[in-house]
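return atomic coordinates for the entry below.
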Amino acid sequence: MIRFNKPFLFGEELENVQKAVLDGRLSGNGDFTKKCHEFFRLRYGFSKCLLTTSCTDALEMAAILLEIAPGDEVIVPSYTFVSTANAFVLRGAKIVFADSQVSHPNIDPESIRSLITSKTKAIVVVHYGGVACEMDTIMQIAEEHSLKVVEDAAQAIESYYNGRPLGSIGHLATFSFHETKNVVSGEGGLLVVNDVNFQDRAEIIWEKGTNRASFFRGEVDKYGWVDVGSSFLPSELVAAYLFGQLTNISRIHEGRLHRWNKYNNTLAFLEKQGNLALPRIPGYATNNAHIFFVETQSLEERTQLIKHLKSKEIGAVFHYLSLHKSPFFSDQYEGRTLPNADRFTETLLRLPLHLHLSNADVDFICDSIIEFYEGT
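Residues are numbered from 1 along each chain as shown. So this is what the prediction gives:
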């Protein structure tokens, strides 16, 4: 079976985990946590980084920092993972779902304007597949209405918008290091705090509502409970594993991009023939090769293609189901149609993409897709 995803191990990960164990420091915010923070600061210019146990936790921290409360409205794309919305629902927010672009699953910037009301508090954007949203327009809209922007950059490590690293543009940003992502630690995430007004409080929330981190830096003579918070920071074992991946990030990027380009070049003629659509990378965005997907003509066609690939022992899967139609939210939804989000729900198909894939594997997957369309 060609698996849809299979994490790649370089070796440094286990060496780092062993070192953390032998050093006797297993709880969070130790040496490897600090090394990860420093990596992000030097490579991407992030001024304040906090490792978290997941991107979900990072989003929940963002909601706390923004002081989201019942009655507030938060604009979120419908075509995304549930955590993007759920983090704000947990604080009592009303979620206002926005549609995707016609040509890409990312949020449609122009759809945001019509959704803003006097109750709107924040805009959350998702860089789908690591491809940047149109951030200049989104930040301009936010500034015009005094709104905060959260970049859900779960899939977007090592991606850029007009030369700026994703995660460095919004007031807050979150990343994921789940085993399905480019850089992994099993579970794990990162909160990036770009707005200096949030930086001190973010660390307190991260440390269970205490000023413990300040105490260990010698800034206060004792620490105590000073704010709300939770246990958001991961153990040193997670940070140690992650640092082993980060030190190989260029190799990860090059390897994934090679496979992405091979898919794209081999299947391009099917797009020209009108059989399917391939991913589009706007001129303002770079490609971190997180996802390679195709768009079929219909749900029925996608179902048959998945079945065909499964018969060849190829693990291909669809992605998000529009959140505005989810069982949890559907009875709260006001009824606006979101045709692009619904189209991607029914037609987008993700192909295997990881460093264990050989050139022969990619050729076989492409040949199997070509065979499907030649037989229809």
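
helices of the stretch 1-150 of the chain, start to end?
Using DSSP state H, counting those that start in this stretch, the helices of the stretch 1-150 of the chain run over 12-23, 31-44, 55-65, 82-89, 109-113, 135-144.

typed the wrong thing, it's the stretch 251-376 of the chain
Using DSSP H, counting those that start in this stretch, the helices of the stretch 251-376 of the chain run over 299-311, 339-347, 359-374.

distance to I249 and mean pLDDT for those - can I get that in JSON lines?
Heads up, the C-betas are built off the backbone N, CA and C, glycines and all. Converted to JSON lines, the helices of the stretch 251-376 of the chain look like this (distance: least, CB to CB, whole Å; pLDDT from 0 to 100):
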{"stretch": "helix 299-311", "distance to I249": "30", "mean pLDDT": "98"}
{"stretch": "helix 339-347", "distance to I249": "28", "mean pLDDT": "98"}
{"stretch": "helix 359-374", "distance to I249": "22", "mean pLDDT": "98"}
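
out of these, which gets nearest to D99?
helix 339-347 (5.0 Å; CB to CB).

off-centre distance for the closest one?
19 Å (CA atoms, centre = their mean, to the nearest Å).

hang on, the earlier thing: looking at the helices of the stretch 251-376 of the chain, spot the one closest to E15.
helix 359-374 (28.4 Å).

for the closest one, which positions count as buried?
361-362, 364-366, 368-369, 372-373 (16 or more other CB atoms under 10 Å).

CA atoms of that helix as PDB?
Only the C-alpha atoms of helix 359-374 are listed here, as PDB (Å, rounded to 0.1, in the frame of the first residue of the first chain):
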ATOM      1  CA  ASN A 359      10.000   8.600  -8.100                       C
ATOM      2  CA  ALA A 360       8.600   5.200  -9.200                       C
ATOM      3  CA  ASP A 361       5.800   5.600  -6.600                       C
ATOM      4  CA  VAL A 362       4.900   9.000  -8.000                       C
ATOM      5  CA  ASP A 363       5.000   7.600 -11.600                       C
ATOM      6  CA  PHE A 364       2.700   4.700 -10.600                       C
ATOM      7  CA  ILE A 365       0.200   7.100  -8.900                       C
ATOM      8  CA  CYS A 366       0.100   9.300 -11.900                       C
ATOM      9  CA  ASP A 367      -0.200   6.400 -14.300                       C
ATOM     10  CA  SER A 368      -3.100   5.100 -12.300                       C
ATOM     11  CA  ILE A 369      -4.900   8.500 -12.500                       C
ATOM     12  CA  ILE A 370      -4.200   8.600 -16.200                       C
ATOM     13  CA  GLU A 371      -5.600   5.100 -16.600                       C
ATOM     14  CA  PHE A 372      -8.700   6.100 -14.800                       C
ATOM     15  CA  TYR A 373      -9.400   9.100 -17.200                       C
ATOM     16  CA  GLU A 374      -8.500   7.100 -20.300                       C
END
